[in-house]
Structures are given as C-alpha cells and as structure tokens.
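Novice: Sequence and predicted structure below; questions after.
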Amino acid sequence: MKVFTPAPNRKFGFMDGVGLAGLIGLLVARYIPVAKIIPFWGCLLREQTGWPCLGCGLTRVADRVAHLNFLGALDANPLGTVFAILFALAAVVMVLHMVFAMPIPEIVLSPREVSWVRIAIPVLVIVNYAYVVVRTKFPHLLM
C-alpha cells in the first residue's frame, strides 16, 4: 500500500462526494422519520417470507448512528454500522478539506492487496448476512 499526500487544495473529489452523501444521509436519518412517513417503507422480502434481505436493518442503523446509539446499530446490522460510521468520518474529512484545505491522502493498493480486498468483501457480506438471519430467525442462538 502506498499513500500519497497531495498539496493542500479545495477541489471537490470522490471522498468529498462520499462525505456529502454521508452527511445528507445521516442528517435525514437524524431529523426525518423516513420509515414512519413513507407508507411502503420496509423490506418486501421479509414481509412476504419472514427472511431478511442483505440490507435488512440499514434504516435502523442510519437512525441509531445518527442518534449516537452505536450498540443498537451494531445489533441491527454490524457491517452497515461500520459503513455508517465510515460515512460519518468521510463527512468530517469533507468539511475539513473544503473549509481548511486539508489534503486528503490518496491510497494505492498493490495487486496482491486488491485481491485480498476482493476476497474479504464477499466474506464480510456473507458473515454479516448470516448474523442478520440468525438475529431475525433464530435469536435464541445468540443468547
């Protein structure tokens, strides 16, 4: 892994876009009860079959992270919680970058590291989904 630090700038880049999306998403989760005001909000797969989908719990995660209830968010969807926190950190980095011209380091992975990431992401998704299924369908196994 190589890390490059550019000169201080205020150019709007990819990380700024991620940070802006995270900021907007967490502000919406904090101040607008989306699940209560949109009548069709919910998991259609879970409503029809009783089994959760890969994204089950993400609305609760966003709401709980926005209200700083990290343990509740971890309980709803652990991987979603990690990404919600990363979105919040990206929002902080975006503000520091745009206001104070803080440079955002650029990370370049080696081909071997890229292959490890390509293996790790599906494994993490499968383990997270297994947790969500067990938490939803077989909660007595987690006691």
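Specialist: In hand now; what should we look at?

Novice: residue ranges of the strands in this structure, please?
Specialist: 2-4, 106-108 (DSSP state E).

Novice: partners of the first one, with directions?
Specialist: With DSSP bridges as the test, strand 2-4 is paired with strand 106-108 (antiparallel).

Novice: if we look at the strand it pairs with, which residues are touching it?
Specialist: 1, 2, 3, 4, 5, 6 (C-beta atoms under 8 Å, 6 or more residues apart in numbering). Heads up, the C-betas are built off the backbone N, CA and C, glycines and all.

Novice: picking that back up, pick the most buried one from the strands of the chain.
Specialist: Highest mean neighbour count of the strands of the chain: strand 106-108, a mean of 11 (counted as mean count of other C-beta atoms under 10 Å).

Novice: follow-up on the earlier one: tabulate the contacts of strand 106-108 (a markdown table), appending distance to residue 60.
Specialist: Formatted as a markdown table, the contacts of strand 106-108 follow (distance: C-beta to C-beta, whole Å):
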| residue | distance to residue 60 |
| --- | --- |
| 1 | 34 |
| 2 | 38 |
| 3 | 35 |
| 4 | 38 |
| 5 | 37 |
| 6 | 38 |
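
Novice: Show me which of these is closest to residue 116.
Specialist: residue 1 (10.7 Å; C-beta to C-beta).
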